[in-house]
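Engineer: Here is a sequence with its predicted model. Questions after.
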Amino acid sequence: MSCDDSSGLRRMSSSDKKTMSDSATPEDTIRKSHQMNGQSMEMKRQISIADNSLFSAKAIRCVVLWYIFSFTTLFLNKYIVSYEKGDTTMLGDTSLSSLSITCITNLVLFLSQSQSKPSNGHQFEIKLKNFTKNLLVVGSLRFSTIVLGLIALWFVEVSFAETVKSSAPVFTVLIARVVLGEKTSLLVNLSLIPVMSGLVLCSAFEMRFTLIGLFASLATNLSECFQNVFSKRLLNVEQYEPSHLQFYTSFSSMIVQIPCVLILVDVSHFVHSIHTEKNLLLTYILAGISFHCQSYTEYILLNLISPVTHSVANTAKRAFLIWLSVIIFGNPVTTQSWIGTAIVISGVFIYNKTRQLSSTKSTSEPHYSSLLQTETHNV
């Protein structure tokens with residue numbers, strides 16, 4: 001065979017391939033599309049599993065730092081409110097002011113980086129456009145979470161407040177049903193019974209129990225759950241960075257809190273307390289810095305793991321804070337309260353396990369259905 005013949009065959013072969021690709025039927029196109037969708041969903045599922053791991057090195061570092069700063073913030077807040085007789089509203093405003101001042105550095109760094117990256121500059125412009133909406137939502141939620149949490153510490157012990165906050169999965173189910181229309185399985189709903197029963201047992205035998213403290217702790221839970229859901233949406237959907245989200249929520253919360261400071265706080269009494277108690281101002285500043293570190297590490301962790309995994313880590317943190325608060329503050333705890341605390345923590349872990357199984361099942365169903373659909377087209 002001559003070179004001309006072989007080149008002609010090669011030209012014919014490429015021409016035939018082009019003709020065959022042009023004459024592809026719609027069924028072939030649909031089949032290839034389903035195959036690509038199935039592979040894409042499987043790849044996303046594997047990436048999601050890897051990204052949501054709590055045992056990665058970066059996630060473990062964030063968890064350790066989050067636990068440490070959570071305890072220092074809780075200890076300083078309890079010390080200011082109960083022992084120094086500090087004002088809860090001013091404490092919250094000081095914490096948010098410290099957050100805003102600290103985050104300005106991160107914002108300036110981001111602006112300097114975005115000048116060399118047009119895509120980042122475009123994203124930042126979109127975020128500024130939506131800043132008013134986020135100010136109303138996140139600012140109000142963060143303000144209410146901080147103030148209600150401080151009110152709870154005023155009326156009840158730290159161990160009881162943290163036990164009540166361990167019932168956060170219950171509020172997550174309610175919020176998901178009302179806001180997102182998400183329905184939970186019967187097994188998940190049944191797993192909430194130990195959480196509620198343990199909470200009732202703790203409340204019934206708490207030596208320093210008040211209805212105001214209970215309702216403030218429950219309201220803190222509700223506000224914090226809304227805040228976490230919306231923060232996760234901003235991190236994933238609107239592609240906020242943890243530093244940006246930290247700045248927006250802190251600054252907007254401080255703005256929302258200004259009217260409350262003017263109405264509720266006796267500024268002259270606060271200034272007099274600062275001059276009288278020399279350590280009070282330093283304690284306010286340390287509490288604000290500690291709260292900034294706690295919030296920032298939590299946002300980084302929330303960006304690394306799934307909400308279910310974050311809930312598990314948060315539950316373990318509650319148990320850690322309960323034990324440390326009893327040891328350091330010497331809170332009187334009855335045997336029934338210890339039993340109730342153990343039931344609440346165990347119930348939350350059971351809930352998270354059933355929730356994770358339910359989420360895994362719902363995630364795998366579209367993947368298998370796409371594979372079945374692909375196989376049908378192949379046949």
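Structural biologist: Good, I have the coordinates. Residues are numbered from 1 along each chain as shown.
Engineer: Which neighbouring elements make contact with whichever strand or helix holds Val195?
Structural biologist: Val195 belongs to helix 192-204 when assigned by DSSP states H and E. Where contact means 3 or more CB pairs under 8 Å, 6 or more residues apart in numbering; DSSP states H and E, helix 192-204 is packed against helix 158-165, helix 168-175, helix 335-378. Using the backbone N, CA and C atoms, a C-beta is placed for each residue, glycine as well.
Engineer: lowest-confidence stretch among those helices?
Structural biologist: Note on the helices and strands packed on helix 192-204: helix 335-378 shows the lowest mean pLDDT, a mean of 63.
Engineer: residue ranges of the strands in the chain, please?
Structural biologist: With DSSP state E, there are no strands along the chain.
Engineer: Can you report how many residues neighbour Leu65?
Structural biologist: 17 (other CB atoms under 10 Å).
Engineer: The closest residue to it other than its chain neighbours and Asn314, how far apart?
Structural biologist: Nearest residue to Leu65, sequence neighbours excluded (CB to CB, 6 or more residues apart in numbering): Thr297, at 4.6 Å. Distance of Thr297 to Asn314, given as CB to CB, to the nearest Å: 13 Å.
Engineer: sorry, back to before: ok, the residue nearest to Leu65 touching Ala59?
Structural biologist: No - between Thr297 and Ala59 there is no contact under CB atoms under 8 Å: 10.8 Å.
Engineer: From Thr184, how far out is Ala316?
Structural biologist: Separation of Ala316 from Thr184 (CB to CB) stands at 22 Å.
Engineer: for Thr249, that is, sorry about that
Structural biologist: Thr249 is 28 Å from Thr184, where distance means CB to CB.
Engineer: try Phe160
Structural biologist: For Phe160 relative to Thr184 (CB to CB), the value is 27 Å.
Engineer: Of the two, which one has the most company?
Structural biologist: For Phe160 versus Thr184, the count of surrounding residues by other CB under 10 Å is larger for Phe160: 30 against 18.
Engineer: shouldn't Tyr351 be in contact with Leu190?
Structural biologist: No - contact criterion CB under 8 Å: Tyr351 and Leu190 do not qualify, at 9.4 Å.
Engineer: neighbour count winner among the two?
Structural biologist: Tyr351 (30 against 12).
Engineer: which ones are touching that one?
Structural biologist: 169, 188, 191-192, 195 (CB atoms under 8 Å, 6 or more residues apart in numbering).
Engineer: Equivalent analysis for Ser197, please.
Structural biologist: By CB under 8 Å, 6+ apart, the contact set of Ser197 is 343, 347.
Engineer: same check, this time on Thr184
Structural biologist: So Thr184 contacts 173, 176-177, 355, 358 (CB under 8 Å, 6+ apart).
Engineer: can I get these in a markdown table with neighbour count and distance to Val81?
Structural biologist: Shown next, in a markdown table, are the contacts of Thr184 (neighbours: other CB atoms under 10 Å; distance: CB to CB, whole Å):
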| residue | neighbour count | distance to Val81 |
| --- | --- | --- |
| Val173 | 20 | 31 |
| Ala176 | 16 | 32 |
| Arg177 | 12 | 34 |
| Arg355 | 22 | 34 |
| Ser358 | 15 | 39 |
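Engineer: from these, which single one is nearest Leu222?
Structural biologist: Taking CB to CB as the measure, Leu222 sits nearest to Val173 out of the contacts of Thr184, at 12.1 Å.
Engineer: Please name the residues that touch that closest one.
Structural biologist: 184, 188-189, 192.
Engineer: So which of the residues you listed wins on neighbours?
Structural biologist: When neighbours are counted by other CB under 10 Å, Val188 leads those with 21 neighbours.
Engineer: That residue and Ser346, how far apart?
Structural biologist: On the measure of CB to CB, Val188 and Ser346 end up 16 Å apart.
Engineer: do Glu241 as well
Structural biologist: The spacing between Glu241 and Ser346, counted by CB to CB, is 36 Å.
Engineer: before we move on, what about Leu222?
Structural biologist: 23 Å.
Engineer: who has more neighbours, these two?
Structural biologist: Neighbours were counted for Leu222 and for Ser346 using other CB under 10 Å; Leu222 has more, 18 against 15.
Engineer: Please enumerate the helices of the stretch 151-300 of the chain.
Structural biologist: 158-165, 168-175, 186-190, 192-204, 211-236, 242-264, 267-276, 278-304 (DSSP state H, counting those that start in this stretch).
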